Each structure stands twice: as structure tokens, then as C-alpha cells.
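Trainee: Here is the input, now give the coordinates:
(one chain, ligands or ions: 1)
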Amino acid sequence: MTKRIPFIAGNWKMNLDHQQAIALVQKLAWSLKDHNHDYSTAEVVVFPPFTDLRTVQTLIDAEKFELKLGAQDLSAHDSGAYTGDISGAFLAKLDANFVLIGHSERRQYHSEDDSLVQAKTAAAFRHGLTPVICVGETLEELETEGASAVPVRQTLAALAGHEVLLPFVIAYEPVWAIGTGKVATAEEAATVCRKIREAIEAEHGAGVADATRILYGGSVKAANVAGFLNSADVDGVLVGGASLDAEEFSGIARFQKHLAL
Ligand code: 13P
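Mentor: Numbering: from 1, shown residues only. This is a model prediction of the structure:
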């Protein structure tokens, strides 16, 4: 079995300008250093807004921080007349390693559907970025279809039709748990993550399923992170609100310490 390194991701959403970004990234890196965080046991990735990326990249480079960088979205196209959109080529040039695709807020407020999510996933692969494909059901879908039907369907749609399936990450974020303080139980999260892995295995083989990191997201805090990561089916977390507080996010990244308690 492949050893999947836990993936701790902070999605800042539309928060923090590039100057505020410097302060947060510095505090986060210093806090992790103070606590002797070993990045080989948990990868830590920040996803700032586009306008912060260059600043954060320069800071990470200059200070040799071990944090990794991701963007919150990319265009399905590589260049051209797409006003306001951002090419994966630009993100790759900024040394972004990861890109969020199909976050529920993009699906909801920008009408992104499964075929666009698939096309954006292809764009990420073309530019050597690792897509973090976000999936999850609304409260209504939970009630009508159960917990795993929608995330499994969205996962398979995003992964369909690629010539080569490069490494990717799946983030299971139940829409009803995002920013609401309503958290899925560790068992609920683990069950859906396991169903997603089984579906990947059935469609793309055991090797891909085994190597893929599947995250939980939705009201994760330092106080509840250990419960999610206790399960072999959950390989990390995608954190919104709590990633805007350096100490809190550092506490999440150091979840292994909570597990040891
Ligand atoms: P919260 O952690 O604020 O619930 O947000 C989760 C999320 O949407 C991360 O992408």
C-alpha cells in the first residue's frame, strides 16, 4: 500500500490582501517551526486569492519556507479572450503546485458543472498542477440521495476522459458543513471518503485509488481535526475559516500531536 502523506490545506477564499498574506504566512511558518513541524509527516498548503500569489511565492522562496502554494481556481483554457480568467500556465510560472477545482462556491455562484470541472482538471494536468477536486452534496441532496451519491458522481465525472490520469487530490466537502459550524461526524466523513476511493478503484484501478489523497472539509478546527484524520480513509483536510488564523491552522497541521494525546 502506498503511504499517503497527510495533506493540510488552507483555502483562504476571498480573504486577505497581499500585505495581510505576508503576515499570515510568516506567522504560520514560524509557528510550525517553533513546534518543530516535520513537513514530511504532513504537507501544508495555502490557497490565497490570485492577487496574493506572487507575494506569497516570493516570501516562501526567500525564506525557504516548506509551505506549498495553490490557487483557488483556473481557466479551462490556456490563453485568449477570456476576460478575468487565469491560465494554468500563469499559475505554473508562479510555482503553484496545486489548484482547487470545482469548489462548491464556484459550483453555486459561478454555475460550474461537472463538465467544466472535468475541463479544468484537464487544464491543471496540462500545466503540471495537481488538481484538488472538490466534491460534496447539499443538504437537499443529502436528504434525497444519501451522503455519498453526489460526491461519487462528481468525482467520476471530473476524472473521466483524461488520456493520462496524473496525480490528483479529492476534497469531500459536504456543502451543509461549509462555514456553518455544522460538522460531519468523523464516521460520516470516513464513510464517504471510502466510497469515493472504492469508486475510483472500480473505474481507474487499485493503483490510482491507493495513491490518491482524499480530504475532508467543512468546519474543521484544531479541536476536531484529529477525529477525521484518525481514519485510514481520510488523508487530510481542506480548511476555510480556521486557516485565516495562523495559530489555529498551525494547530490543525500538527494534528498528529492531538492524535498522540
Ligand atoms: P470552513 O472550514 O470555513 O467550513 O470552509 C470549508 C471550505 O469550504 C474549504 O474549502
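Trainee: what packs against the strand or helix carrying residue 227?
Mentor: Per DSSP states H and E: residue 227 is located in helix 225-229. In terms of contacts (3 or more C-beta pairs under 8 Å, 6 or more residues apart in numbering; DSSP states H and E), helix 225-229 is packed against helix 186-204, strand 236-239, helix 255-260. Backbone N, C-alpha and C define where each C-beta goes, glycine included.
Trainee: Might you calculate how far the second one sits from the centre of the chain?
Mentor: Taking C-alpha atoms, centre = their mean, to the nearest Å, one finds strand 236-239 lying 6 Å from the centre of the chain it belongs to.
Trainee: hmm, back to that, quick check: which of the helices and strands packed on helix 225-229 is nearest to the ligand?
Mentor: Counting by C-beta to the nearest ligand atom, the ligand lies closest to strand 236-239 out of the helices and strands packed on helix 225-229; the figure is 4.6 Å.
Trainee: Can you point out the buried residues in the helix or strand following the closest one?
Mentor: Sequence order places helix 246-253 as the next helix or strand after strand 236-239, per DSSP H and E. Neighbour-count burial for helix 246-253 flags 246, 248, 249, 250, 251, 252, 253 (criterion: 16 or more other C-beta atoms under 10 Å).
Trainee: Contacts (any at all) between the ligand and helix 246-253?
Mentor: No: Helix 246-253 lies out of reach of the ligand by C-beta under 6 Å from any ligand atom, never closer than 9.8 Å.
Trainee: Give me the distance between the nearest residue to residue 185 once chain neighbours are set aside and residue 51.
Mentor: Excluding the flanking residues, the one nearest residue 185 by C-beta to C-beta, 6 or more residues apart in numbering is residue 227, at 8.0 Å. Noted for residue 227: a distance of 35 Å to residue 51, by C-beta to C-beta, to the nearest Å.
Trainee: Now do the contacts for the residue in the chain that the ligand sits nearest to.
Mentor: Nearest residue of the chain to the ligand (C-beta to the nearest ligand atom) works out as residue 240 at 2.3 Å. Residue 240 makes contact with 11, 13, 178, 179, 217 under the criterion C-beta atoms under 8 Å, 6 or more residues apart in numbering.
Trainee: show me where the stretch 51-200 of the chain has helices.
Mentor: 53-63, 88-93, 104-109, 114-126, 139-145, 149-159, 186-204 (DSSP state H, counting those that start in this stretch).
Trainee: who does the first one touch, helix- and strand-wise?
Mentor: Read that as helix 53-63. helix 18-34, strand 68-71.
Trainee: how many other residues sit next to the closest residue in space to residue 61 that isn't next to it in sequence?
Mentor: Nearest residue to residue 61 in three dimensions, chain neighbours excluded: residue 95, at 7.5 Å (C-beta to C-beta, 6+ apart). Using other C-beta atoms under 10 Å, residue 95 has 15 neighbouring residues.
Trainee: ok, which residues in the stretch 151-261 of the chain are in contact with the ligand?
Mentor: Counting by C-beta under 6 Å from any ligand atom, the stretch 151-261 of the chain sits next to the ligand at 173, 178, 179, 217, 218, 219, 220, 238, 239, 240, 241, 242.
Trainee: from memory residue 125 sits against residue 162, does it?
Mentor: Yes: counting by C-beta atoms under 8 Å, residue 125 does reach residue 162; the two are 6.3 Å apart.
Trainee: Name the residue in the two with the higher neighbour count.
Mentor: residue 125 (19 against 14).
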